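A.B. asks: Okay, predicted coordinates and the sequence, questions at the end:
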Amino acid sequence: MNPFRGGGHELDLGNGATEVLVEVLMLAVTALARDDWQHAFAAELARQDQNLMGRGMVGLDLDELDWGPDPERGRAFALAVVDLALTRHRWDELGYHASYAEADLQALRRLLTALHPTPGAPPDPTDSMAATCRHHRILTPLPWYPACVRCAGG
C-alpha cells in the first residue's frame, strides 16, 4: 500500500490507484505552479511516481511536508491543485478512464482540509520542478529523473 497521510487521516492506495492519482495531480499542478514553493510541492508529488521510485515504495506524509514560511498559503495551493484535478483537467490525454480517481481526490482533499500545517523553511529552488516534458507538457524533475510521470508510465 502507498499511504497518503495528513491531519490524523490516512488514504491507503494500491499501486494502480497511486499511479492514477499522481498522474492527475501532476496534470493539475503543472497548470498552477508559479513560485519556488509551488514547484517544490510539484517535485514532492513527482516523487510519488512509482514507475521511477519503485512500486509500493511511495507515500506522502503531509504532516511532515515542509509547507514553507506561509503554510496556509501552501495548503490553499495544494487544495487548488486537487480541485483542478477534480474538474478532470487534461484527463482526456491519459489514454484511460480515470473516473474512479475522483473518490481518491476527494479523500485527499479531506486530508488537506483537516491538516494544520506548520511553518517551514523557505523553499530550496534546487529542489523544484523547473523543467517541463516537451512531449506531455507536464512538470518534470528532469535533471534528476529520466522522464515525466506520463513518459515513465508508458
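C.D. replies: Perfect, thanks for sending it.
A.B. asks: CA only for contacts and neighbour counts going forward, please
C.D. replies: Fine.
A.B. asks: Can you show me the strands along this structure?
C.D. replies: With strands called from DSSP state E, the chain shows them at 2-6, 9-13, 60-61, 131-133, 138-140.
A.B. asks: Can you flag the weakest of the ones you listed by average pLDDT?
C.D. replies: When the strands of the chain are compared on average pLDDT, strand 131-133 comes out lowest at a mean of 60.
A.B. asks: give the contact list for the nearest residue to residue 107 once chain neighbours are set aside.
C.D. replies: Spatially, and ignoring its direct neighbours in sequence, residue 107 is nearest to residue 11 (6.9 Å; CA to CA, 6 or more residues apart in numbering). Residue 11 is in contact with 3-5, 104, 107-108, counting by CA atoms under 8 Å, 6 or more residues apart in numbering.
A.B. asks: Same check on residue 27?
C.D. replies: Residues near residue 27 by CA under 8 Å, 6+ apart: 85, 89-90, 138.
A.B. asks: Just the closest of those residues to residue 35, please.
C.D. replies: Distance to residue 35, by CA to CA, is smallest for residue 138 among these, at 15.9 Å.
A.B. asks: wait, that closest one sits on residue 30?
C.D. replies: Yes: between residue 138 and residue 30 a contact is recorded at 5.7 Å, counting by CA atoms under 8 Å.
A.B. asks: And the two? Which one has more around it.
C.D. replies: A count of neighbours by other CA atoms under 10 Å puts residue 138 above the other of residue 138 and residue 30, at 22 against 19.
A.B. asks: gap between the more buried one and residue 3?
C.D. replies: 24 Å (CA to CA, to the nearest Å).
A.B. asks: swap in residue 31?
C.D. replies: From residue 31 to residue 3 the distance is 25 Å (CA to CA).
A.B. asks: Go through the helix ranked longest in the chain and flag the buried ones.
C.D. replies: For the chain, the longest helix by residue count, based on DSSP state H, is helix 15-32. Buried residues in helix 15-32, counted by 16 or more other CA atoms under 10 Å: 15, 17-30, 32.
A.B. asks: centroid residue for the protein?
C.D. replies: The centroid of the chain falls nearest to residue 45 when counting by CA atoms, centre = their mean (3.1 Å).
A.B. asks: Show me which parts of stretch 61-79 are buried, residue by residue.
C.D. replies: Result for stretch 61-79 [16+ other CA under 10 Å]: buried residues 62-63, 65-68, 71-72, 74-75, 77-79.
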